[in-house]
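1. just need the structure, nothing else, for what follows:
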Amino acid sequence: MPLNKVIIVGAGPTGLILGLLLAKQGIHVDILDPGATLDKQPRAAHYASPAAYELDRAGVLDDVTARGINHKKMIWRKVDTDIVAIMRLDRMPEERKRHSLVVLPLGQLGEILYEHLQRQPTVSVRWSHRVVKVGQDGDKAWVDVETGDSKKRFEADYALGCDGASSTVQRELFGSEYPGETLDAQLVATNVYYNFDCYNYTDTNFIIHPKNFYMAACITVDGLYRVTYGDTPGLTREEFIARQPMRYKEILPGNPKPGDYQITNISPYRMQRRCAPSFRMGRVVLAADAAHVCNPFGGLGLTGGIADAGSLFDALMGIHMGLSDDSILDKYSEVRRKIWSDVIDPASRENLRRPHEQEASTARENDEFFKLCVRAEADEGLAGELPMGLEVLRHDMTPILQQETGHCQC
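-> Residues are numbered from 1 along each chain as shown. Okay, the predicted model is just below:
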């Protein structure tokens, strides 16, 4: 039976992309978010090829590329800024370059998605709507919402939880159970204008050091950088903010003082690695951080979450078009959980280990990934393959749908 209406809880990137994809198919969508507007806090800004593919399907990639930056390289450096290894991002096969990595602050992506959503007559984005209860009754899902002094109930064919790592939808499904761990580690994300050019920084840079590791990536065309660094766990937000000038002086090239740079945002956050027991329970389905979380080094959480949106959209369209019954959502859960356990979790842990738990002086010779990067310097074929490594995060649901309808040729 065709879908009439879907509820999406959370107006982050995954919720907005999923809402846009569904609305373009004529499905009514209610997007509910507790905030008063789009989130402006510094978060991941790198959209690897699987995310670029879904942005393209949603019809926003050209706008994202026009406002963002296509990075040409990722560089790992010693503290003195000497280069350890380089991965070229501009060596992708010509036919795949449209979906090469693009960088844009998450807040600006949200603005683009919101602009496009406002053109869709079947979608409503409802701010200041805090979901407090989720349930289902046979042929519908429902959510209870608090908005100001009033309470409302919204009903739909399905309720999709895209409401982040502290997901209300996930807690409603599984209680306090969110298997995994909170790491004994702390990151502080900052957006800053600083003259990295004089130290030959470009695109994305990872500095290797057991204490003073950090990432510095140019994220806007006017030279705004995202600097994400480690700090002492267990402090308050105010203490992390107070320590920022000291940490910048310790870690950044030139040992800058506050007058040497301009910070526009700062956000401390703990790192976690968790995965929900299932991404589907009846008519309630989870995606992105509501379903799984990892540390942010390497952008796997953001790209993986957007890839979730693509797979979930395909599964819902299979139901909508009569190509599958709702068991396709169990396949969605199975596929995306396996991608998290086999790829996202181990790769994100390696991405953090690489700058944090090895000696920069010997990393080029000892780190297996760096060895590949070194080989790729003289091997154009390998250089073209390396940027495609994250394609595994995107899963084509078409073969599953073909099996459902008996048209699979395998």
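2. what about whichever helix in the chain runs longest, average pLDDT?
-> Using DSSP state H, we find that the single longest helix of the chain is helix 300-320. Model confidence over helix 300-320 averages 96 on the pLDDT scale.
3. summarise which helices and strands it is packed against.
-> Using 3 or more C-beta pairs under 8 Å, 6 or more residues apart in numbering; DSSP states H and E as the contact criterion, the elements in contact with helix 300-320 are helix 13-23, strand 46-47, helix 49-57, helix 328-339, helix 345-356, helix 398-405. C-beta coordinates here come from the backbone N, C-alpha and C atoms, glycine included.
4. direction included, what does the second one pair against?
-> Counting by DSSP bridges, the strands paired with strand 46-47 are strand 102-103 (antiparallel).
5. in stretch 104-123, what's buried?
-> Residues 104-114, 116-117, 120, 122-123 are the ones in stretch 104-123 that count as buried (16 or more other C-beta atoms under 10 Å).
6. same check, this time on stretch 142-152
-> So stretch 142-152, judged by 16+ other C-beta under 10 Å, has buried residues 142-143, 145.
7. now, which of the residues you listed sits nearest Val169?
-> Within these, distances to Val169 taken as C-beta to C-beta reach their minimum at Val143, with 8.0 Å.
8. please name the bridge partners of that closest one.
-> Bridge pairing for Val143 - DSSP bridges - gives Val134, Phe154.
9. find me the pLDDT at it, would you?
-> Per-residue confidence for Val143 comes out at a pLDDT of 98.
10. so what's Gly161 bridging to?
-> When Gly161 is checked against DSSP bridges, its beta-bridge partners turn out to be Val9, Leu286.
11. okay, and for the chain, where does confidence drop off?
-> Across the chain, the stretches falling below the confidence threshold (pLDDT under 70) are 404-410.
12. on that earlier part again, tell me the angle the longest helix of the chain makes with helix 328-339.
-> Interaxial angle of helix 300-320 relative to helix 328-339 (axes from the mean of the first three to the mean of the last three C-alpha atoms, to 10 degrees): 160 degrees.
13. neighbours around Arg283, how many?
-> Other residues lying near Arg283 total 23 when counted by other C-beta atoms under 10 Å.
14. could you dump the helices and strands packed on helix 300-320 to CSV with distance to Lys133?
-> Written out in CSV, the entries for the helices and strands packed on helix 300-320 read as follows (distance: least, C-beta to C-beta, whole Å):
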stretch, distance to Lys133
helix 13-23, 19
strand 46-47, 33
helix 49-57, 30
helix 328-339, 21
helix 345-356, 31
helix 398-405, 32
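15. can you list these in JSON lines and add mean neighbour count and distance to Gly310?
-> Formatted as JSON lines, the helices and strands packed on helix 300-320 follow (neighbours: other C-beta atoms under 10 Å; distance: least, C-beta to C-beta, whole Å):
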{"stretch": "helix 13-23", "mean neighbour count": "27", "distance to Gly310": "8"}
{"stretch": "strand 46-47", "mean neighbour count": "26", "distance to Gly310": "12"}
{"stretch": "helix 49-57", "mean neighbour count": "23", "distance to Gly310": "4"}
{"stretch": "helix 328-339", "mean neighbour count": "20", "distance to Gly310": "10"}
{"stretch": "helix 345-356", "mean neighbour count": "19", "distance to Gly310": "19"}
{"stretch": "helix 398-405", "mean neighbour count": "16", "distance to Gly310": "12"}
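16. which one of these lies nearest to Gly381?
-> Between the helices and strands packed on helix 300-320, helix 49-57 lies closest to Gly381; by C-beta to C-beta that is 17.4 Å.
17. mind exporting the closest one as PDB, just the C-alpha atoms?
-> Listed next in PDB are the C-alpha coordinates belonging to helix 49-57 (Å, rounded to 0.1, in the frame of the first residue of the first chain):
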ATOM      1  CA  SER A  49      31.500  10.200  -1.800                       C
ATOM      2  CA  PRO A  50      28.600   8.200  -0.300                       C
ATOM      3  CA  ALA A  51      27.200  11.400   1.300                       C
ATOM      4  CA  ALA A  52      27.800  13.400  -1.900                       C
ATOM      5  CA  TYR A  53      25.800  10.700  -3.800                       C
ATOM      6  CA  GLU A  54      22.800  11.100  -1.500                       C
ATOM      7  CA  LEU A  55      23.100  15.000  -1.600                       C
ATOM      8  CA  ASP A  56      22.900  14.600  -5.400                       C
ATOM      9  CA  ARG A  57      19.800  12.400  -5.200                       C
END
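18. what angle do it and helix 300-320 make?
-> 50 degrees.
19. which outside residues touch helix 49-57?
-> 17, 21, 47, 61, 64, 92, 96, 98-102, 302-304, 306-307, 309-310, 387-388, 390-391, 393-394 (C-beta atoms under 8 Å, 6 or more residues apart in numbering).
20. which residues are in contact with the helix or strand just after it?
-> Next helix or strand after helix 49-57 toward the C-terminus (DSSP states H and E): helix 61-67. Contact with helix 61-67 is made by 47, 52, 55, 98-99, 102, 104, 108-109, 112, 116, 221, as judged by C-beta under 8 Å, 6+ apart.
21. show me how far helix 61-67 is from its chain's centre.
-> Put simply, helix 61-67 sits 17 Å off its chain's centre (C-alpha atoms, centre = their mean, to the nearest Å).
22. the inter-axis angle of the very next helix or strand once past that helix versus helix 345-356?
-> Once helix 61-67 ends, the next helix or strand along the chain (criterion: DSSP H and E) is strand 73-77. What separates the directions of strand 73-77 and helix 345-356 is an angle of 50 degrees, with the same axes, to 10 degrees.
23. so what strands line up beside whichever helix or strand comes after strand 73-77?
-> Later in the chain than strand 73-77, the nearest helix or strand by DSSP H and E is strand 83-88. Looking at strand 83-88 with DSSP bridges, its paired strands and their directions are strand 73-77 (antiparallel).
24. any idea how far apart the tips of stretch 63-81 sit?
-> The distance separating the two terminal residues of stretch 63-81, taken as C-alpha to C-alpha, to the nearest Å, comes to 34 Å.
25. one more: stretch 30-47?
-> Across stretch 30-47, the straight-line distance between its terminal residues is 25 Å, by C-alpha to C-alpha.
26. list the contacts of the residue nearest the centre of the chain.
-> For the chain, the residue nearest the mean C-alpha position is Leu302 (0.6 Å; C-alpha atoms, centre = their mean). Applying C-beta under 8 Å, 6+ apart, one finds that Leu302 lies in contact with 13, 43-44, 46-47, 51, 106, 296.
27. what do you get for Arg375?
-> By C-beta under 8 Å, 6+ apart, the neighbours of Arg375 are Leu382.
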